[in-house]
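**Student:** Need the 3D shape of this:
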Amino acid sequence: MVDYSYPLSSGESEELPVFCQTCQVKGTSVCADLSSREITKLQARMSSTDYSKGDTISHQGDEVTNLRVITHGTLKLYKVLEDGRQQITGFTHPGDFLGVAPGSTLQVNVEALTEVRVCVFPHATLAHLSNTYPGSTKRLVEKANTELTKAYDHMLLLGQKTVHERVASFFTALADQTGKPAPGEGPDAWFVPLPMPRRDIADYLALRSETLSRVLKDLRSDGLIRDVTRQKLLVPSLAELRSHTLLEID
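**Tutor:** As a prediction, this is how the structure comes out:
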């Protein structure tokens, strides 16, 4: 685990801090309204931390004192049930936030599924940002609403959709958030990264592993997905896959 925070030198610089220069989400994160000079000033009160695959980042019940912005990698959110079983409640990707509500406690454990980089902003610093740059507050509110929408969508996913619709919905959501166009494979073809193991996908979708394997086989047979590697799929037509996420209502 490497901490990149450091105090300002006596001379201010217009150059962005090292960990900001390669940030994938600085245009949509809480820093989006800040100039390079302002971000350089802010770095004295923030930090960027790297985690290795398998690291536990936070525990269920931890007090929320910081906002964490995922700038690289994928995290797994899960609860430990009374009988010791694990229930995955979600995955976070670059651009997602953790700890939006100050003074609360985390309801989940957070584990790195890949190498991860997280920028950490104390909530006291965010209060200053909110007063000076209203756009940062707007982004926090939007992200909080996004998290509520994700929770609702997950309940709908488990409570109303068929097993095929659940899997198709999961891949479609991943494509929307982290997918990339697949040149040469068709006008609506997308590569979809799968950083999480199949057992985690099955757990998140409340499926048995053998049920997930059967559904994946069906989706392949129907030409809706194609394996590229163990951790990447090709979706030949995202629109076609999306059409299989609709609720089947009698």
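
**Student:** hey, where'd the strands end up in the chain?
**Tutor:** In the chain, the strands defined using DSSP state E lie at 2-3, 47-51, 56-58, 66-72, 75-80, 86-92, 97-98, 109-112, 116-122, 180-181, 190-193, 226-229, 232-235.

**Student:** Which of those sits closest to residue 211?
**Tutor:** strand 86-92 (15.6 Å; C-beta to C-beta). Where you see a C-beta, it was placed from the backbone N, CA and C, and this is true even at glycine.

**Student:** Adjacent strands (with direction) for the closest one?
**Tutor:** strand 75-80 (antiparallel) (DSSP bridges).

**Student:** so the strand it pairs with versus strand 47-51, what angle?
**Tutor:** Here strand 75-80 runs at 70 degrees with respect to strand 47-51, directions being taken by axes from the mean of the first three to the mean of the last three C-alpha atoms, to 10 degrees.

**Student:** report the angle between the axes of strand 75-80 and strand 66-72?
**Tutor:** 130 degrees.

**Student:** Mind listing what's buried along strand 75-80?
**Tutor:** For strand 75-80, the neighbour count (16 or more other C-beta atoms under 10 Å) marks 75-78 as buried.

**Student:** burial count for residue 117?
**Tutor:** Close neighbours of residue 117, defined as other C-beta atoms under 10 Å, add up to 21.

**Student:** For residue 158, which non-adjacent residue is closest in space?
**Tutor:** Once flanking residues are discounted, residue 158 sits nearest to residue 206: 5.0 Å by C-beta to C-beta, 6 or more residues apart in numbering.

**Student:** before we move on, what about residue 202?
**Tutor:** residue 212 (4.3 Å).

**Student:** Can you name the residues that contact the one you found?
**Tutor:** Contact analysis of residue 212 by C-beta atoms under 8 Å, 6 or more residues apart in numbering lists 167, 198, 201-202, 205.

**Student:** Pick the one among these closest to residue 104.
**Tutor:** Residue 104 has its nearest neighbour among these in residue 205, at 27.1 Å by C-beta to C-beta.

**Student:** Next one, pLDDT for the closest one please.
**Tutor:** pLDDT recorded at residue 205 is 91.

**Student:** tell me, how many neighbours does the closest residue to it other than its chain neighbours end up with?
**Tutor:** Nearest non-adjacent residue to residue 205, counting by C-beta to C-beta, 6+ apart: residue 166, 4.6 Å away. Residues lying near residue 166 (other C-beta under 10 Å) number 23.
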